[in-house]
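In: for reference, the sequence and a predicted model appear below.
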Amino acid sequence: MTNATPSSDAVGRAGARLLRNRRLMRAPIWLYRARLGFLFGSRMLLLEHVGRKSGARRYVVLEVIGHPDHDTYVVASGFGDRAQWYRNLLAEPRVRVASGARGLSPATARKLSTKEADAALAVYVRKHPRAWRKFKTILENTLGTAISERDTELPMVELRLDGAGS
């Protein structure tokens, strides 16, 4: 991993344990479904996607890494390419997204190239340096590998609302 201090490493391990707590991680979904997503502001979003095997609707709440324009969101897969939501998006990119006071809206997912992911991560690190220090340590614990800000292997996805730019 990286040259983390003992306290940041402990935060990373604790954060990774929290991310693995299914009940805790699913609680925000119910708030979005109750139309209370605005409580999370614009730094979080609800992603509705389709199970690649079951065809059933699935939901996950993710942190917004980037919001380059009004109709585009960038999210990262904290569990790498093992995350079920990420694998589902690669199989079926048509999704629905809710963020802030905006209800579920149709969108299309697109995996970012490494160059695009590096650019999105650079903006996030510049805007939220304290959050990044904690987030990075947690990511490194969930992924089991160091995260670099250049040539990042952290999978990122752009979610563009349908009709954007038209």
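Out: Right, received. Where do you want to start?

In: show me what the helix or strand that contains residue 85 is packed up against.
Out: Following DSSP states H and E, one finds residue 85 within helix 84-91. Secondary-structure packing of helix 84-91 (3 or more CB pairs under 8 Å, 6 or more residues apart in numbering; DSSP states H and E): strand 44-50, strand 57-69, strand 102-111. All C-beta atoms are positioned from the backbone trio N, CA, C, and that covers glycine.

In: could you dump that helix to PDB, C-alpha only?
Out: Coordinates of each C-alpha in helix 84-91 appear next as PDB, following Å, rounded to 0.1, in the frame of the first residue of the first chain:
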ATOM      1  CA  GLN A  84     -21.800  -5.900  -8.900                       C
ATOM      2  CA  TRP A  85     -23.200  -2.500  -9.900                       C
ATOM      3  CA  TYR A  86     -20.000  -1.900 -12.000                       C
ATOM      4  CA  ARG A  87     -20.300  -5.200 -13.700                       C
ATOM      5  CA  ASN A  88     -24.000  -4.700 -14.300                       C
ATOM      6  CA  LEU A  89     -23.300  -1.300 -16.000                       C
ATOM      7  CA  LEU A  90     -20.700  -2.800 -18.300                       C
ATOM      8  CA  ALA A  91     -23.400  -5.400 -19.400                       C
END
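
In: in that helix, which residues are buried?
Out: 85-86, 88-89 (16 or more other CB atoms under 10 Å).

In: that helix relative to strand 102-111, how many degrees between them?
Out: 70 degrees (axes from the mean of the first three to the mean of the last three CA atoms, to 10 degrees).

In: the inter-axis angle of helix 84-91 versus strand 57-69?
Out: Using the same axes, to 10 degrees: helix 84-91 against strand 57-69 is 80 degrees.

In: give me the mean pLDDT for helix 84-91.
Out: Average pLDDT, helix 84-91: 97.

In: now find how far off-centre it is within its chain.
Out: 12 Å (CA atoms, centre = their mean, to the nearest Å).

In: quick thing: my sequence starts at 53, can you match it?
Out: From this message on, residue numbering opens at 53, which makes the last subject helix 136-143.

In: which other residues reach that helix?
Out: 99, 101-104, 110, 112, 114, 129, 131-133, 147, 161, 163, 207, 209 (CB atoms under 8 Å, 6 or more residues apart in numbering).

In: circling back to that earlier point, any chance of the buried residues of helix 136-143 in JSON lines, plus distance to residue 91?
Out: Converted to JSON lines, the buried residues of helix 136-143 look like this (distance: CB to CB, whole Å):
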{"residue": "137", "distance to residue 91": "21"}
{"residue": "138", "distance to residue 91": "25"}
{"residue": "140", "distance to residue 91": "26"}
{"residue": "141", "distance to residue 91": "25"}
